[in-house]
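K.L.:
okay, predicted coordinates and the sequence, questions at the end:
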Amino acid sequence: MDSTVTSEYPYPGNALVTRTSYVYNNDQYLQPNAIRTLSSKGEVIELTKNYPAEMVAIGKDSNGVYVQMIAERNLMPVIEEMKKVNNQLVS
């Protein structure tokens, strides 16, 4: 799945529309690395997830823990997650 559009109708005739897109950076697993949402309020919410393979690729594996996880096919845990709202880091 690369995107979704959700429409909610809390009041007759008024739709709250949310558009979400998904980015997949690694073919080894089917989990999104980035989820970008545009809300009806105009907020842009971006959630970035790094898995063991991304941690190795970006040089954040100085002690080899993530290389070992990959070797053991333990690919799915989210190691690092960042959330931005309107390009401001919130978590």
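P.N.:
Right, received. Where do you want to start? Quick caveat, the model's predicted, so the values are computed rather than measured.

K.L.:
could you tell me how far the most centrally placed residue in the chain is located from P12?
P.N.:
Geometric centre of the chain, nearest residue: A34, 3.0 Å, by Cα atoms, centre = their mean. Separation of A34 from P12 (Cβ to Cβ, to the nearest Å) stands at 35 Å. From N, CA and C alone the C-beta is placed, and that goes for glycine too.

K.L.:
now N63
P.N.:
From N63 to P12 the distance is 58 Å (Cβ to Cβ).

K.L.:
please apply the same query to K84.
P.N.:
Per Cβ to Cβ, K84 is found 34 Å from P12.

K.L.:
compare neighbour counts for those two and give me the winner.
P.N.:
K84 (15 against 5; other Cβ atoms under 10 Å).

K.L.:
pretty sure the more buried one sits against V90.
P.N.:
Yes. Applying Cβ atoms under 8 Å, one finds K84 in contact with V90, separated by 6.6 Å.

K.L.:
ranges for the strands of this protein?
P.N.:
Using DSSP state E, the strands of the chain run over 3-11, 14-23, 34-38, 44-50, 80-85, 88-89.

K.L.:
nearest to A71, out of those?
P.N.:
Comparing the strands of the chain against A71 with Cβ to Cβ, the closest turns out to be strand 44-50 (17.9 Å).

K.L.:
so for the closest one, mean pLDDT?
P.N.:
Averaged over strand 44-50, pLDDT sits at 96.

K.L.:
only C-alpha atoms, please: export that strand in PDB.
P.N.:
This file holds the C-alpha atoms of strand 44-50, laid out as PDB (Å, rounded to 0.1, in the frame of the first residue of the first chain):
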ATOM      1  CA  VAL A  44       1.700  17.600   8.100                       C
ATOM      2  CA  ILE A  45       2.600  14.700  10.400                       C
ATOM      3  CA  GLU A  46       5.700  12.600   9.500                       C
ATOM      4  CA  LEU A  47       6.600   9.400  11.400                       C
ATOM      5  CA  THR A  48      10.000   7.900  10.500                       C
ATOM      6  CA  LYS A  49      11.000   4.400  11.600                       C
ATOM      7  CA  ASN A  50      14.500   2.900  11.500                       C
END
